[in-house]
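Chemist: One predicted model, sequence on top.
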Amino acid sequence: MNQPLIIQFIRIRPERDGDIPLPSYMTSGAAGMDIRVAVENETPLHPGEITLLPTGFAMQLPQGFEAQIRPRSGLAVKHGIGLINSPGTIDADYRGEVKIAVINFGKKPYIFRRGERVAQMVINRVYRVAAKLVDRLDGTDRSDGGFGHTGR
C-alpha cells in the first residue's frame, strides 16, 4: 500500500477551535475527507442566502496538488444545502483559513451547528499546461456536440 500524502494543518484560533476535529475520512473507501464547521453559535441560513462558514484551520498542500471542496450529498438531498462554487479550489500556495461558501437552495432555513460536517475535501494532483494556438483541431465522432446532444 502507498504511503499517505502528508498535509500539514494549523488551527487558526487554537484556544477557541481546538475542539473541532481536523478533516478526516469517515470510511476506508472514502475519496473525500469530511470538513466540520467552526461556527461559534448556531448559524441560520435562509432559503436563497449565501454565507461563508469558518473551518478553523489552514493547511499547506505540497506543490503540484490542490484540494477540491465539494458538497456532502446528504445535506444537498435532505436540506437543499450546496456550495455556491462547487467544487471550490484550494491552491497549494494558499495559506489562509479554509472557508466553505454555502447556499440554501431549499425551502426552509437550515441551522449550522458547531462541529457539523458540511463539506468534503478531495486532494488531487495538478498538471501545469501550456496553451498552444493551432489552426485546427483533430476531428472526432462527437465533434462540437455538447449540452445533451446524445439525448436522454
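Modeler: Here it is on my side, so go on. This one's a predicted model, so the numbers in the text were calculated from it and none came from an experiment.

Chemist: Tell me where the model's unsure across the chain.
Modeler: Per-residue confidence of the chain (counting by pLDDT under 70) places the weak regions at 1, 149.

Chemist: can you give me the helices for it?
Modeler: Under the criterion DSSP state H, the chain contains helices at 14-17, 73-79.

Chemist: Dump the ones you listed into TSV; add distance to Gln8 as well.
Modeler: Where you see a C-beta, it was placed from the backbone N, CA and C, and this is true even at glycine. Formatted as TSV, the entries for the helices of the chain read as follows, by distance: least, CB to CB, whole Å:
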stretch	distance to Gln8
helix 14-17	15
helix 73-79	28
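
Chemist: Make TSV from those helices and add mean neighbour count to it.
Modeler: What follows is the helices of the chain, written out as TSV (neighbours: other CB atoms under 10 Å):
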stretch	mean neighbour count
helix 14-17	12
helix 73-79	13
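
Chemist: To Glu42, which of those lies closest?
Modeler: Closest approach to Glu42 among these (CB to CB): helix 73-79, 14.7 Å.

Chemist: Show me what the closest one is packed against.
Modeler: For helix 73-79, the contact count by 3 or more CB pairs under 8 Å, 6 or more residues apart in numbering; DSSP states H and E identifies strand 81-83 as packing neighbours.

Chemist: Please list the outside residues in contact with the strand it packs on.
Modeler: Taking contacts as CB atoms under 8 Å, 6 or more residues apart in numbering, the residues outside strand 81-83 that touch it are 45, 69-71, 75-76, 100-106, 110, 118-119.

Chemist: which residues does the spatially most central residue of the chain contact?
Modeler: Note on the chain: the residue nearest the mean C-alpha position is Ile69, at 0.8 Å, using CA atoms, centre = their mean. If a contact means CB under 8 Å, 6+ apart, then Ile69 has Ile35, Leu83, Ser86, Pro87, Gly88, Thr89, Ile90, Val98, Ile100, Ala119, Gln120, Met121 as its contacts.

Chemist: and it, what are its bridge partners?
Modeler: According to DSSP bridges, the partner residues bridging Ile69 are Gly88, Met121.
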